[in-house]
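Q: requesting a structural model of the entry that follows:
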Amino acid sequence: NYLPLLQTQRRVGITIRMVPDTIDGELDVAALRQMLKEDPTVRLIVLTHVPTNGGLVNPAAEVGALAREYGVLYLLDACQSVGQMPI
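A: Numbers count the residues shown, from 1 in each chain. Coordinates of the predicted model:
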């Protein structure tokens, strides 16, 4: 997901902000909430649900709830999830 976003940034000038991870490597939901509070211009959240086969599972439902709360579009890449967990 990151390369197409970088290409879009170069082409039309979008701003990409990375959300920090927790110590366990998951997306830090509290940090995302703070970013959304501080920046009302956020238009899209992009998250890879299961980014590797190492057992990491990002908190997709929590991120979706935040996206709804703040009226932000949410793109969840769950392609890798299918082979690793019930969908």
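
Q: contacting residues around the helix or strand bottoming out on mean pLDDT in the chain?
A: Lowest by mean pLDDT, DSSP states H and E among the helices and strands of the chain is helix 2-12, with a mean of 88. Contacting residues not belonging to helix 2-12 are listed as I14, T15, I16, V46 [C-beta atoms under 8 Å, 6 or more residues apart in numbering]. In short, each C-beta sits where N, CA and C put it, glycine included.

Q: out of those residues, which comes closest to D39?
A: Nearest to D39 among the contacts of helix 2-12 is T15, at 9.2 Å by C-beta to C-beta.

Q: quick one: contacts for the closest one?
A: Shown in contact with T15 (C-beta under 8 Å, 6+ apart): Q9.

Q: so it: helix, strand or coil?
A: Following DSSP: H, G, I helix; E, B strand; the rest coil, T15 is assigned to coil.

Q: tell me the pLDDT of it.
A: Reported pLDDT at T15 in the predicted model: 89.

Q: now do N53
A: pLDDT, N53: 64.

Q: would you agree L44 is in contact with G71?
A: No. Counting by C-beta atoms under 8 Å, L44 stays clear of G71, with 11.4 Å between them.
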